[in-house]
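Enquirer: quick one: sequence and predicted model below, then my questions.
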Amino acid sequence: QQQVKQSPQSLIVQKGGISIINCAYENTAFDYFPWYQQFPGKGPALLIAIRPDVSEKKEGRFTISFNKSAKQFSLHIMDSQPGDSATYFCAASANTGNQFYFGTGTSLTVIP
Amino acid sequence: ETGVTQTPRHLVMGMTNKKSLKCEQHLGHNAMYWYKQSAKKPLELMFVYNFKEQTENNSVPSRFSPECPNSSHLFLHLHTLQPEDSALYLCASRGARVNTEAFFGQGTRLTVV
């Protein structure tokens, strides 16, 4: 059973546009929601993370929006750049364990 | 560099071979993970170790055998693998405080022939 559902599977955005990736979860015990960015040949690296006590977190061009009641969270990349082309994974974990559940990933291509 | 080092970066092995993947971290983290990443599939959690004790084994076939001799090192021993085991194997580590980020190594690209 997929603990974290992610969409879309792939995304193509024009340079300067907004990229939006969505994730949903079922387990209400989850209380940490990071987003990871992965370039080819590299391991995933933390991009930004949020805890459910806030509805939005912004770091530079990257924003996480969190809707606790809907059990959904999303990543918004403003002013998307070709260098943002990568695979993005959402994840979730619960305070009680060491498990990290990942979404299926979104391949983002930003065209110049 | 994330502080998590995996060796080798690439490995080609026959189905009858025995090989081991190594992961090393000197971040002072207590939790270490093995993930399998196949094309068009989510990151699959294989094993979790916390303070050298295995806390999770997600129904992984016995041809994969993990070993965690200390908090800084994690191994994945491989034997009699199948071609469908070809994938990127990622190691990650995480600190003692809950809900902190996991740091990933660069992965070992495994090809089983």
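Expert: That came through, no problem.

Enquirer: show me the beta-bridge partners of the residue nearest to the spatial centre of chain B.
Expert: Centroid-nearest residue in chain B: B:Trp34, 3.0 Å away (criterion: C-alpha atoms, centre = their mean). For B:Trp34, the beta-bridge partners are B:Phe47, B:Cys91 (DSSP bridges).

Enquirer: surely it is in contact with B:Cys91?
Expert: Yes - using C-beta atoms under 8 Å, B:Trp34 makes contact with B:Cys91 at a distance of 6.0 Å. No exception for glycine: its C-beta is placed from N, CA and C like everyone else's.

Enquirer: helices or strands next to the one helix or strand A:Gln6 maps to in the packing?
Expert: Using DSSP states H and E, A:Gln6 sits in strand A:4-7. Secondary-structure packing of strand A:4-7 (3 or more C-beta pairs under 8 Å, 6 or more residues apart in numbering or on different chains; DSSP states H and E): strand A:19-25, strand A:86-94.

Enquirer: what about the helix or strand that the longest one is followed by, distance to the chain center?
Expert: By that I understand strand A:86-94. Later in the chain than strand A:86-94, the nearest helix or strand by DSSP H and E is strand A:101-102. Chain-centre distance of strand A:101-102: 11 Å, with C-alpha atoms, centre = their mean, to the nearest Å.

Enquirer: now swap in stretch A:91-111 and tell me
Expert: In terms of C-alpha atoms, centre = their mean, the centre of stretch A:91-111 is found 7 Å from the chain centre.

Enquirer: is the lowest-mean-pLDDT helix or strand in chain B positioned near chain A?
Expert: The least trusted helix or strand in chain B, going by mean pLDDT, DSSP states H and E, turns out to be strand B:53-57, with a mean of 78. Yes - using C-beta under 8 Å from any C-beta of the partner chain, we find that strand B:53-57 touches chain A at B:Thr55, B:Glu56.

Enquirer: which SSE is immediately downstream of that strand?
Expert: Per DSSP H and E, the first helix or strand lying C-terminal to strand B:53-57 is strand B:64-70.

Enquirer: and that next one, what does it pack onto?
Expert: Here strand B:64-70 touches strand B:44-50, strand B:53-57, strand B:73-79, going by 3+ C-beta pairs under 8 Å, 6+ apart.

Enquirer: so which bits of chain B are right by chain A?
Expert: Within chain B, the residues that sit near chain A (C-beta under 8 Å from any C-beta) are B:2, B:4, B:6, B:31, B:33, B:35, B:41-43, B:45, B:48, B:50, B:55-56, B:90, B:92, B:94, B:98-99, B:101-107.

Enquirer: ok, now with 10 Å
Expert: Residues of chain B found near chain A (C-beta under 10 Å from any C-beta of the partner chain) are B:2, B:4, B:6, B:9, B:30-33, B:35, B:37, B:40-45, B:48-50, B:55-56, B:58, B:88, B:90-92, B:94, B:96, B:98-107, B:109.

Enquirer: near chain B, which residues of chain A show up?
Expert: With C-beta under 10 Å from any C-beta as the criterion, chain A meets chain B at residues A:2-6, A:9, A:30-34, A:36, A:38, A:41-47, A:49, A:51, A:87, A:89, A:91, A:93-105, A:107.
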